[in-house]
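A.B. asks: My questions concern the predicted model and sequence given below.
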Amino acid sequence: MGARLSNIPLDNGPWRGEVSQSPDDLQLRAAGAINYLSRSYSDGKHDPVSLFVLFGRPGLISAHTPDRCYPAAGFDPVGETTREHIDFETGDAEFGVSNFTKTDSSGPQKLRVYWAYASEDGKWLAPGHLKWAFGGSWGVYKIYVIVPVTEFESTVEQNRVVEFIRLFLPQLNHALFDAAAGGQAPSGAGAQAEPVAPRS
(Lines give C-alpha, C1' and ligand atoms only; values in the text may rest on other atoms or scores of the structure.)
Protein backbone atom coordinates (compact mmCIF):
# COMPACT_ATOMS: atom_id res chain seq x y z
CA MET A 1 0.00 0.00 0.00
CA GLY A 2 2.75 2.48 0.86
CA ALA A 3 4.22 2.25 -2.64
CA ARG A 4 1.08 3.94 -4.01
CA LEU A 5 2.40 7.29 -2.77
CA SER A 6 4.50 7.46 -5.94
CA ASN A 7 1.24 7.75 -7.96
CA ILE A 8 0.37 11.18 -6.54
CA PRO A 9 0.85 13.99 -9.13
CA LEU A 10 3.26 16.74 -8.19
CA ASP A 11 1.02 19.72 -9.03
CA ASN A 12 -2.38 20.49 -7.50
CA GLY A 13 -4.48 22.85 -9.63
CA PRO A 14 -2.89 26.33 -9.39
CA TRP A 15 -0.49 25.04 -6.71
CA ARG A 16 2.98 23.99 -7.87
CA GLY A 17 4.64 21.27 -5.85
CA GLU A 18 8.27 20.63 -5.05
CA VAL A 19 9.82 17.66 -3.27
CA SER A 20 11.02 19.03 0.05
CA GLN A 21 13.61 17.94 2.55
CA SER A 22 12.42 14.92 4.48
CA PRO A 23 12.84 14.01 8.12
CA ASP A 24 15.71 11.68 8.89
CA ASP A 25 15.23 7.93 9.22
CA LEU A 26 15.18 8.03 13.02
CA GLN A 27 12.31 10.55 13.03
CA LEU A 28 10.40 8.52 10.47
CA ARG A 29 10.86 5.27 12.35
CA ALA A 30 9.72 7.00 15.55
CA ALA A 31 6.62 8.18 13.67
CA GLY A 32 5.90 4.61 12.55
CA ALA A 33 6.42 5.39 8.85
CA ILE A 34 7.14 2.64 6.33
CA ASN A 35 6.89 5.00 3.34
CA TYR A 36 6.42 8.74 3.11
CA LEU A 37 5.99 11.71 0.81
CA SER A 38 7.24 15.21 1.65
CA ARG A 39 6.43 18.30 -0.47
CA SER A 40 6.04 22.05 -0.46
CA TYR A 41 3.26 23.72 -2.48
CA SER A 42 3.08 27.33 -3.61
CA ASP A 43 0.38 29.30 -5.41
CA GLY A 44 2.86 32.09 -6.17
CA LYS A 45 1.03 34.56 -3.93
CA HIS A 46 1.35 33.39 -0.33
CA ASP A 47 3.60 31.41 1.98
CA PRO A 48 4.03 27.79 0.82
CA VAL A 49 1.98 24.97 2.28
CA SER A 50 3.92 21.95 3.56
CA LEU A 51 2.52 18.48 2.92
CA PHE A 52 3.48 15.15 4.47
CA VAL A 53 1.81 11.83 3.69
CA LEU A 54 3.01 8.84 5.70
CA PHE A 55 2.14 5.16 5.56
CA GLY A 56 2.60 2.81 8.50
CA ARG A 57 1.13 0.32 10.93
CA PRO A 58 -1.83 1.66 12.96
CA GLY A 59 -0.32 1.01 16.38
CA LEU A 60 2.87 2.97 15.70
CA ILE A 61 1.59 5.75 13.48
CA SER A 62 -1.24 6.57 15.90
CA ALA A 63 1.21 7.54 18.64
CA HIS A 64 2.36 10.69 16.84
CA THR A 65 -0.50 13.13 16.53
CA PRO A 66 0.56 16.82 16.27
CA ASP A 67 -0.28 17.52 19.91
CA ARG A 68 2.52 15.13 20.84
CA CYS A 69 5.22 15.63 18.21
CA TYR A 70 5.11 19.44 17.87
CA PRO A 71 5.65 20.17 21.58
CA ALA A 72 8.61 17.76 21.41
CA ALA A 73 10.06 20.08 18.73
CA GLY A 74 9.68 23.15 20.94
CA PHE A 75 6.23 24.36 19.79
CA ASP A 76 3.55 25.35 22.27
CA PRO A 77 -0.07 24.40 21.50
CA VAL A 78 -2.53 27.27 21.17
CA GLY A 79 -6.06 26.35 22.19
CA GLU A 80 -7.66 22.93 21.78
CA THR A 81 -7.51 20.71 18.73
CA THR A 82 -10.75 21.04 16.76
CA ARG A 83 -12.37 18.87 14.06
CA GLU A 84 -13.28 20.29 10.66
CA HIS A 85 -15.36 18.57 7.97
CA ILE A 86 -14.20 19.37 4.45
CA ASP A 87 -16.35 18.56 1.42
CA PHE A 88 -14.52 17.92 -1.84
CA GLU A 89 -15.35 16.83 -5.38
CA THR A 90 -15.64 13.11 -4.69
CA GLY A 91 -16.55 12.97 -1.01
CA ASP A 92 -15.92 14.48 2.39
CA ALA A 93 -13.25 14.24 5.06
CA GLU A 94 -12.76 14.99 8.73
CA PHE A 95 -9.54 16.77 9.72
CA GLY A 96 -8.09 17.59 13.08
CA VAL A 97 -6.89 21.21 13.25
CA SER A 98 -4.15 22.15 15.72
CA ASN A 99 -2.40 25.51 16.22
CA PHE A 100 1.16 25.95 17.50
CA THR A 101 3.55 28.80 18.26
CA LYS A 102 7.28 28.98 18.82
CA THR A 103 9.76 31.82 19.32
CA ASP A 104 13.43 31.43 18.46
CA SER A 105 16.30 33.54 17.11
CA SER A 106 14.40 34.13 13.84
CA GLY A 107 11.36 35.47 15.69
CA PRO A 108 7.88 34.09 16.43
CA GLN A 109 6.41 31.29 14.33
CA LYS A 110 2.73 30.45 14.12
CA LEU A 111 1.61 27.22 12.45
CA ARG A 112 -1.74 25.64 11.73
CA VAL A 113 -1.69 21.88 11.16
CA TYR A 114 -4.48 19.94 9.44
CA TRP A 115 -4.20 16.18 9.92
CA ALA A 116 -6.19 13.03 9.18
CA TYR A 117 -5.86 9.26 8.69
CA ALA A 118 -7.31 6.78 6.19
CA SER A 119 -7.14 3.02 5.63
CA GLU A 120 -8.19 0.93 2.64
CA ASP A 121 -11.67 2.48 2.37
CA GLY A 122 -10.24 5.93 1.54
CA LYS A 123 -12.25 7.71 4.25
CA TRP A 124 -10.17 10.43 5.93
CA LEU A 125 -10.86 10.78 9.65
CA ALA A 126 -9.33 12.42 12.72
CA PRO A 127 -10.45 10.02 15.46
CA GLY A 128 -9.60 10.50 19.08
CA HIS A 129 -8.48 6.86 19.37
CA LEU A 130 -6.84 5.64 16.17
CA LYS A 131 -6.38 2.07 17.36
CA TRP A 132 -10.13 1.73 17.84
CA ALA A 133 -10.87 3.27 14.43
CA PHE A 134 -8.27 1.35 12.39
CA GLY A 135 -7.31 -1.56 14.62
CA GLY A 136 -8.29 -4.13 11.97
CA SER A 137 -6.21 -2.54 9.21
CA TRP A 138 -2.75 -3.72 8.19
CA GLY A 139 -1.65 -0.20 7.30
CA VAL A 140 -2.86 3.39 7.60
CA TYR A 141 -2.09 6.61 5.70
CA LYS A 142 -1.59 9.85 7.62
CA ILE A 143 -1.67 13.32 6.05
CA TYR A 144 -0.35 16.57 7.51
CA VAL A 145 -1.01 19.91 5.79
CA ILE A 146 0.97 22.66 7.54
CA VAL A 147 0.75 26.39 6.90
CA PRO A 148 2.36 29.40 8.59
CA VAL A 149 -0.23 31.96 9.67
CA THR A 150 -0.08 35.59 10.75
CA GLU A 151 -3.12 35.29 13.01
CA PHE A 152 -4.83 32.11 14.18
CA GLU A 153 -8.20 33.78 13.73
CA SER A 154 -7.54 34.67 10.07
CA THR A 155 -10.46 33.37 8.00
CA VAL A 156 -8.66 34.21 4.75
CA GLU A 157 -5.64 32.06 5.62
CA GLN A 158 -7.86 29.24 6.83
CA ASN A 159 -9.96 29.27 3.65
CA ARG A 160 -6.82 29.16 1.50
CA VAL A 161 -5.63 25.94 3.13
CA VAL A 162 -9.09 24.37 3.00
CA GLU A 163 -9.23 25.13 -0.73
CA PHE A 164 -5.84 23.45 -1.18
CA ILE A 165 -7.13 20.36 0.64
CA ARG A 166 -10.33 20.32 -1.45
CA LEU A 167 -8.25 20.27 -4.65
CA PHE A 168 -5.71 17.76 -3.36
CA LEU A 169 -7.93 15.06 -1.85
CA PRO A 170 -9.47 13.82 -5.16
CA GLN A 171 -5.94 13.38 -6.58
CA LEU A 172 -4.75 11.71 -3.40
CA ASN A 173 -7.69 9.32 -3.17
CA HIS A 174 -7.41 8.37 -6.85
CA ALA A 175 -3.72 7.61 -6.48
CA LEU A 176 -4.03 5.65 -3.24
CA PHE A 177 -7.39 3.93 -3.52
CA ASP A 178 -8.91 4.03 -7.04
CA ALA A 179 -5.79 2.56 -8.64
CA ALA A 180 -5.90 -0.26 -6.12
CA ALA A 181 -9.44 -1.06 -7.29
CA GLY A 182 -8.35 -1.38 -10.91
CA GLY A 183 -8.17 2.25 -12.05
CA GLN A 184 -5.18 3.85 -13.71
CA ALA A 185 -2.76 6.02 -11.81
CA PRO A 186 -3.13 9.67 -12.84
CA SER A 187 -0.84 11.02 -15.53
CA GLY A 188 2.14 13.12 -14.51
CA ALA A 189 2.85 11.06 -11.44
CA GLY A 190 6.37 12.22 -10.80
CA ALA A 191 6.61 12.27 -7.02
CA GLN A 192 8.77 9.81 -5.18
CA ALA A 193 7.71 7.88 -2.12
CA GLU A 194 10.84 7.08 -0.14
CA PRO A 195 11.04 3.78 1.71
CA VAL A 196 12.34 4.09 5.23
CA ALA A 197 15.54 2.12 5.67
CA PRO A 198 15.01 -1.00 7.76
CA ARG A 199 16.31 -0.94 11.31
CA SER A 200 19.66 -2.72 11.45
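C.D. replies: In hand now; what should we look at? Just so it is clear, the model here is predicted, and its values are computed rather than measured. Numbering: from 1, shown residues only.
A.B. asks: CA only for contacts and neighbour counts going forward, please
C.D. replies: Noted.
A.B. asks: Identify the residues contacting the helix ranked longest in the chain?
C.D. replies: As assigned by DSSP state H, the longest helix anywhere in the chain is helix 155-173. With contact meaning C-alpha atoms under 8 Å, 6 or more residues apart in numbering, helix 155-173 is reached by 8-9, 12-13, 15, 49, 86-90, 122, 147, 149, 186.
A.B. asks: and if you look at stretch 99-114?
C.D. replies: 66, 70, 74-79, 81, 95-98, 143-152.
A.B. asks: Which positions within it qualify as buried?
C.D. replies: For stretch 99-114, burial by neighbour count (16 or more other C-alpha atoms under 10 Å) applies to N99, F100, T101, K102, K110, L111, R112, V113, Y114.
A.B. asks: Could you do stretch 10-23 as well?
C.D. replies: L10, D11, N12, W15, G17, V19.
A.B. asks: residues near F164, how many?
C.D. replies: Using other C-alpha atoms under 10 Å, F164 has 18 other residues around it.
A.B. asks: before we move on, back to that, next step: the buried residues of stretch 10-23 restricted to strands.
C.D. replies: Among the buried residues of stretch 10-23, the residues falling in strands (DSSP state E) are G17, V19.
A.B. asks: L176: which of the buried residues of stretch 10-23 is nearest?
C.D. replies: L10 (14.2 Å; C-alpha to C-alpha).
A.B. asks: still on that earlier bit, need the buried residues of stretch 10-23 in a markdown table (columns: pLDDT and distance to N35).
C.D. replies: Output for the buried residues of stretch 10-23, formatted as a markdown table (pLDDT from 0 to 100; distance: C-alpha to C-alpha, whole Å):
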| residue | pLDDT | distance to N35 |
| --- | --- | --- |
| L10 | 89 | 17 |
| D11 | 89 | 20 |
| N12 | 90 | 21 |
| W15 | 92 | 24 |
| G17 | 93 | 19 |
| V19 | 90 | 15 |
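A.B. asks: coming back round to it: how far off centre is the longest helix of the chain?
C.D. replies: Taking C-alpha atoms, centre = their mean, to the nearest Å, one finds the center of helix 155-173 at 11 Å from the center of the full chain.
A.B. asks: same question for that helix, mean pLDDT?
C.D. replies: Here helix 155-173 scores 87 as its mean pLDDT.
A.B. asks: Please apply the same query to stretch 60-76.
C.D. replies: The average of the pLDDT scores along stretch 60-76 is 79.
A.B. asks: just to revisit the earlier point, mind picking the two most distant members of the contacts of helix 155-173?
C.D. replies: Among the contacts of helix 155-173, V149 and P186 lie farthest apart (C-alpha to C-alpha), at 31.8 Å.
A.B. asks: Between those two, tell me which one has more neighbours.
C.D. replies: Neighbour totals were compared for V149 and P186, and V149 leads with 18 against 15 (other C-alpha under 10 Å).
A.B. asks: Before we move on, what's the pLDDT of P108?
C.D. replies: The model's pLDDT for P108 equals 84.
A.B. asks: number of nearby residues for P170?
C.D. replies: Neighbourhood size, P170 [other C-alpha under 10 Å]: 17.
A.B. asks: follow-up on the earlier one: and the contacts of helix 155-173, which of them are in strands?
C.D. replies: Those of the contacts of helix 155-173 mapping onto strands are V49, I86, D87, F88, V147, per DSSP E.
A.B. asks: Alright, that wraps it up for me.
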